[in-house]
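*Asks:* Got a predicted model here, sequence first, then my questions.
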Amino acid sequence: MRLHLYTFIFFALFGSAAQAAKPVPAVQKPTCQPDADWNEPTPPLPIYGNTWYVGTCGLSALLITSAHGHILIDGDTEKAPPLIEANIRKLGFRVTDVRYILNSHAHNDHAGGLAQLQRDSGAVVVARGADADAIERGHGDRSDPQYLETKKFPPVSNVRRVVDGEIITLDGLALTAHATPGHTPGSTSWTWKSCAGQRCLQMAYVDSVTPLSDDVYRYTDEVSHPGFVAAFRAGLATIAALPCDILLTPHPDASAMWSRLGAQTSAPLVDAEACRRYAASGNEKLDARIAKEHASAP
């Protein structure tokens, strides 16, 4: 009788953690190529510790796991949820255990799948600033440099707003939101810590640093968009200072992710200087964009 009691107590206390720590199936290394289609499927793969890649060849989606629930970052396109959910299941996890879905920015290639993923998981969708409003509408507004060229996507209800520096916590997980505006006004980067054995590394999922726009928007128009360039510069400075052992990006090509994670690696996964270089490339692109706008000014 005592043995049965001890057995019951063990599973009551440790059963869920033991299940979360169960060995996951062997996964095939992706053979994704640069400029892959956004909806091209790829097998899931471990990145480091409790951080997993569950997106497509062309667009990132990350799963950060714990014994009592998981956090997903980005929903990719409207066609992507079945691919993302299949990858979560292939790793041995349940879609219904996803508690939060964090967003990088509110364009259809990263927010298009949020509505279905929210319905299928019951998770809370999290975003920042004007991008949270855009996700609830299913489209941005003129504060988005690409507004006239972006596609509408299924709207999401009850988006949770976060501010710069806010931390989303879940069963030992702690993901910090960083305001990195520029690509969109509410662009958000996320950092957290993942451990493998006794070694813990700083993970950084950094949003786009490319100053793209439609044909109407001008970054240097201080009347229509006051302070936007200064905010862009501040966001790049934030990226350069992030805790960043492993850089990950919404578009894998932006940080050469497949050369570090794919079937044929040619660059190290761990690189403490990666965020600083990524921010420097953003500054160079912004300088070029500003120079082009000045050259074409009437």
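*Replies:* Received, thanks.
*Asks:* How many residues are close by residue 69?
*Replies:* The number of residues packed around residue 69, counting by other CB atoms under 10 Å, is 18. All C-beta spots, glycine's among them, are computed from the backbone N, C-alpha and C.
*Asks:* Torsion angles phi and psi at it?
*Replies:* The phi/psi pair for residue 69 (degrees, to the nearest 10) reads phi 140, psi 160.
*Asks:* Distance check, it against residue 97.
*Replies:* Distance, residue 69 to residue 97, by CB to CB, to the nearest Å: 5 Å.
*Asks:* ditto for residue 260
*Replies:* Taken as CB to CB, the span from residue 260 to residue 97 is 28 Å.
*Asks:* Kindly report the same for residue 121.
*Replies:* 8 Å.
*Asks:* So those two - more neighbours on which side?
*Replies:* Remark: of residue 121 and residue 97, residue 121 carries more neighbours, 22 against 19, as counted by other CB under 10 Å.
*Asks:* burial measure for the closest residue in space to that one that isn't next to it in sequence, as a count.
*Replies:* Distances taken as CB to CB, 6 or more residues apart in numbering put residue 98 closest to residue 121, at 4.1 Å, once the chain neighbours are dropped. Residue 98 has 25 neighbours, counted by other CB under 10 Å.
*Asks:* got it, and residue 34?
*Replies:* With other CB under 10 Å as criterion, residue 34 counts 11.
*Asks:* Is it correct that it is in contact with residue 255?
*Replies:* No: using CB atoms under 8 Å, residue 34 is not in contact with residue 255, being 11.8 Å away.
*Asks:* The residue nearest to residue 113 when sequence neighbours are not counted and residue 120: what is the separation?
*Replies:* In space, residue 113 comes closest to residue 75 once its chain neighbours are excluded; the distance is 3.5 Å by CB to CB, 6+ apart. Residue 75 sits at a distance of 11 Å from residue 120 (criterion: CB to CB).
*Asks:* Okay, now the unreliable bits of the stretch 1-150 of the chain?
*Replies:* 1-28 (pLDDT under 70).
*Asks:* need the strands for it, in chain order.
*Replies:* Taking DSSP state E, counting those that start in this stretch, the strands of the stretch 1-150 of the chain run over residues 45-48, 51-53, 62-66, 69-73, 98-102, 124-128.
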